[in-house]
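>>> fold the following and give me the result.
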Amino acid sequence: MNQKKENYKMSLMTYLLKRSYRRFITGDKSFHQMITYFEDGEDHIKVYHNGTANLGKMIYVIKENTGLDGFCATLKYIMSFLIYAEQHKFTPIIRLTEEFAYYDEEMSKKIDNPWEYYFLTDEKKFDLEHSLNVCFCEYIHRKLIAHKYHFNAYKVENYNNQDVYEVCSPVIRKYMTLKPEIVNDASNVLENIKQNGGKVLGVHFRGTDYKKSYNNHPVFVNENETIKEIKAAMELKEFDAVFVATDDILFADIVKKSLGDIPVLMHNDVYRSDGIESVAFSQSERKNHHYLLGYEIARDMYTLSLCDGLVACKSSVGYMSNLYKHSRNEQYEYMKIIDNGNNVNDNEYFKDSQTI
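Numbering: from 1, shown residues only. Below you'll find the predicted structure:
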């Protein structure tokens, strides 16, 4: 076995052990993670035979893999599971739980599956307790797909990969349609520019906990670097306005002052922070706070996909907005993913889990 493959396997096992430890010490009683040692792309399927219903179907239940992931990272993982299901001719159903970072107690009194807070679904309500064949997503399934198709938002070369577009676009169209209120809300902020034939440059600035320089996460791209790239894009292309998606209050103010007479658009009701803790895991007294956090990032991501150009740091938000754009058979006229490399240190994201 070559050294690269050996290193990959060791990295996978280390990550799995960290995740398992975290879920053990936090008392996750439902935790059931099979760690599979694989050499040649082998995977593991445990099938439950609960009855005789749904003969001829293998029902594949997709849940989020960890409570540590933000909205678009979770979408990326779910997309991998969906691709896995499609390739194995399984019937996927997506059922998120209280572990989902955007689970909202009040919202779940009306909608018991957090996936359906944000996405349309026409899935048949399968009776899992009486189905003949039921299996569940496993971490190894996602890892196999991500490794095969190079799903990695932290490598800039993965933002322009035709093979990725071809495998992701059908899955996004089939299973990942955002609810009309999110799509309409996203469109409305661009309406005045677009209806007059104008073009919009989308900008994603990731602040807050990115400033903590977690190991293997992208090196933080600061305000000045981002403004510089916005101005460069405006000089190269005739954009009429800039749409900004950000979790950072300070950048929202800075970008307006830095661009002079250029119209700066953004969703003004977004919950943002001037600190270094992730907004995704914030607490607030506002009604349906956790649901709204998911709504806001879904809307920002989709709005970015409606723009004509993109300037962004490496993150799952920009990555997913690009995939959603291609799922509509569109592409950005201009795309600049700012790459300062990835951190290599001992500052593990896992160690900070007690803050969320």
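>>> tell me the mean pLDDT over stretch 80-95?
The average pLDDT for stretch 80-95 rounds to 95.
>>> again, but for stretch 175-193
The model assigns stretch 175-193 a mean pLDDT of 98.
>>> from residue 56, how far off is the nearest residue to residue 103 once chain neighbours are set aside?
The shortest distance from residue 103 to any residue other than its chain neighbours is 5.0 Å, reached at residue 114 (CB to CB, 6 or more residues apart in numbering). Where C-beta positions appear, they are placed from N, C-alpha and C, glycine not excepted. Distance, residue 114 to residue 56, by CB to CB, to the nearest Å: 29 Å.
>>> any idea how far the closest residue in space to residue 157 that isn't next to it in sequence is from residue 272?
Leaving aside its chain neighbours, residue 157 sits nearest to residue 150 (8.0 Å; criterion: CB to CB, 6+ apart). To residue 272, residue 150 is 32 Å away according to CB to CB.
>>> try residue 133
Distance from residue 133 to residue 272, counting by CB to CB: 46 Å.
>>> next: residue 85.
From residue 85 to residue 272 the distance is 36 Å (CB to CB).
>>> which one of the two is surrounded by more residues?
residue 85 (25 against 17; other CB atoms under 10 Å).
>>> that one sits in which helix or strand?
Take DSSP states H and E as the rule and residue 85 turns out to sit in helix 71-87.
>>> ok, residue 114 and residue 56, which is more surrounded?
A count of neighbours by other CB under 10 Å puts residue 114 above the other of residue 114 and residue 56, at 25 against 7.
>>> center of the protein, which residue is that?
residue 72 (1.5 Å; CA atoms, centre = their mean).
>>> pretty sure it is touching residue 312, no?
No. Counting by CB atoms under 8 Å, residue 312 is not a contact partner of residue 72; they are 11.5 Å apart.
>>> excluding covalently adjacent residues, which one is nearest to residue 340?
residue 219 (3.8 Å).
>>> OK, contacts around the one you found?
If a contact means CB atoms under 8 Å, 6 or more residues apart in numbering, then residue 219 has 213, 340-343 as its contacts.
>>> buried only: go through those residues for me.
residue 343 (16 or more other CB atoms under 10 Å).
>>> domains of this protein?
3-175, 180-355 (automatic domain parsing).
>>> that older thread, contacts only, for the residue nearest to the centre of the chain.
Contact analysis of residue 72 by CB under 8 Å, 6+ apart lists 297, 301, 315-317, 319-320.
>>> in helices only, show me those.
Among the contacts of residue 72, the members found in helices (DSSP state H) are 297, 301, 316-317, 319-320.
>>> turn these into a markdown table, including pLDDT.
Converted to a markdown table, those look like this (pLDDT from 0 to 100):
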| residue | pLDDT |
| --- | --- |
| 297 | 98 |
| 301 | 98 |
| 316 | 96 |
| 317 | 97 |
| 319 | 97 |
| 320 | 98 |
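>>> out of these, what pair is the most spread apart?
Among the ones in helices among the contacts of residue 72, the pair separated by the greatest distance (CB to CB) is 297 and 319, at 12.9 Å.
>>> contacting residues around stretch 114-125?
93-97, 100, 102-104, 107-108, 111, 176-179, 182, 291, 294-295, 298.
>>> and among the domains of the chain, the most buried is which?
Of all those, domain 180-355 carries the top mean neighbour count, a mean of 18, counting by mean count of other CB atoms under 10 Å.
>>> from the chain's centre, how far out does that domain sit?
Taking the mean of its C-alpha atoms, domain 180-355 sits 13 Å from the chain's own mean (CA atoms, centre = their mean, to the nearest Å).
>>> how about the contacts made by residue 106?
Taking CB under 8 Å, 6+ apart as the test, what residue 106 contacts is 287-288, 291.
>>> pLDDT at it, what is it?
For residue 106, the model assigns a pLDDT of 95.
>>> ok, back up a step: tell me which of the contacts of stretch 114-125 fall in helices.
182, 291, 294-295, 298.
>>> out of the residues you listed, give me the two with the largest separation.
Across the ones in helices among the contacts of stretch 114-125, the longest distance by CB to CB is 11.9 Å; it joins 182 and 291.
>>> what mean pLDDT does stretch 306-313 get?
98.
>>> contacts for it next, please.
Contacts for stretch 306-313 (CB under 8 Å, 6+ apart): 186-187, 190, 199-206, 210, 218, 220-221, 226, 229-230, 233, 237, 239, 243, 304, 318, 321-322, 325, 332-338.
>>> wait, which of the contacts of residue 106 is closest to residue 145?
residue 291 (28.5 Å).
>>> so that closest one sits against residue 101, correct?
No. With contacts counted by CB under 8 Å, residue 291 stays clear of residue 101, the gap being 11.1 Å.
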